[in-house]
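**Student:** Any chance you could fold what I've pasted below:
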Amino acid sequence: MSLFFETIFLQNGNIRNLSFHNARLNRTRKLCLNQDRPLDLASLDLPYQDDPLRVKIVYGKEFVEMMHFPILPRKFESFKIIHADLSYPFKALDRTPLDKLVAQKGSCDEILIVDSEGSLKDFSIANIALFDGQKWITPRHPLLQGTMRASLLNNQLLLEKDVKIEQLKTFTKIAMLNAILGFHQISRFHIEE
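**Tutor:** Residues are numbered from 1 along each chain as shown. Predicted coordinates for the structure are as follows:
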């Protein structure tokens, strides 16, 4: 059986963007496992503490496993462009195709995936947003529909648009979007081809 996972930001018993996590989890279960009965992440016996936690919840037809870790600061300043036509529409536990791309990052902190048509997709661990001086843009067709991305789109803080690799130099800032990083803006960065 295929297994999937959600990574949630948990603090004081509260899950950031809970409704978006539940929606993705149940959409995945319906489309990949033919399961109509919804699951709710809030029904789990989650740890309670003041400091934020990264909680990884593995699931299939039911919840399978839960692991939690402290959130450690990470540096993201350099990005390696990797060209790949990769399909990762569901947050599958088996990330082998993504791991193979990450192995090509060299000394960079993270990879930026670009498809064969030159369209920006995502980072390996996060969605991308780019600031054009007036608004934040996110690719119309990301690798994965992230929960932080969905929340920001829902609140009209992001605009979906096709972004080509040659447009990258026109943006003044980039941001990494995921459940743990939130909306992590980066104004000083280096992109390596």
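**Student:** Do a quick rundown of the strands in the protein.
**Tutor:** If DSSP state E is used as the criterion, the strands of the chain fall at 4-11, 14-15, 53-59, 63-70, 78-83, 110-114, 120-123, 127-131, 136-139, 159-161, 173-178, 182-186, 190-192.
**Student:** Can you pull up the most central residue in this protein?
**Tutor:** With the centre of the chain defined as its mean C-alpha position, the nearest residue by Cα atoms, centre = their mean is residue 126, 3.4 Å away.
**Student:** residue contacts, that one?
**Tutor:** Listed by Cβ atoms under 8 Å, 6 or more residues apart in numbering, the contact set of residue 126 reads 146, 176-178, 181, 184. C-beta coordinates here come from the backbone N, C-alpha and C atoms, glycine included.
**Student:** Distance to residue 100 added to the strands of the chain, as a markdown table?
**Tutor:** Compiled in a markdown table, these are given as follows (distance: least, Cβ to Cβ, whole Å):
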| stretch | distance to residue 100 |
| --- | --- |
| strand 4-11 | 19 |
| strand 14-15 | 31 |
| strand 53-59 | 21 |
| strand 63-70 | 24 |
| strand 78-83 | 10 |
| strand 110-114 | 11 |
| strand 120-123 | 15 |
| strand 127-131 | 20 |
| strand 136-139 | 21 |
| strand 159-161 | 28 |
| strand 173-178 | 20 |
| strand 182-186 | 25 |
| strand 190-192 | 18 |
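**Student:** and of those, who's closest to residue 28?
**Tutor:** If you check each of the strands of the chain against residue 28 by Cβ to Cβ, strand 4-11 wins as the nearest, at 5.3 Å.
**Student:** packing partners for the closest one?
**Tutor:** Counting contacts by 3 or more Cβ pairs under 8 Å, 6 or more residues apart in numbering; DSSP states H and E, strand 4-11 packs against helix 18-33, strand 53-59.
**Student:** Please determine how far residue 126 is located from residue 62.
**Tutor:** Here the criterion is Cβ to Cβ, to the nearest Å. By it, residue 126 lies 28 Å from residue 62.
**Student:** Also residue 5?
**Tutor:** Distance, residue 5 to residue 62, using Cβ to Cβ: 13 Å.
**Student:** Among those two, which residue is more densely surrounded?
**Tutor:** Under the criterion of other Cβ atoms under 10 Å, the comparison of residue 5 against residue 62 puts residue 5 first, with 19 against 9.
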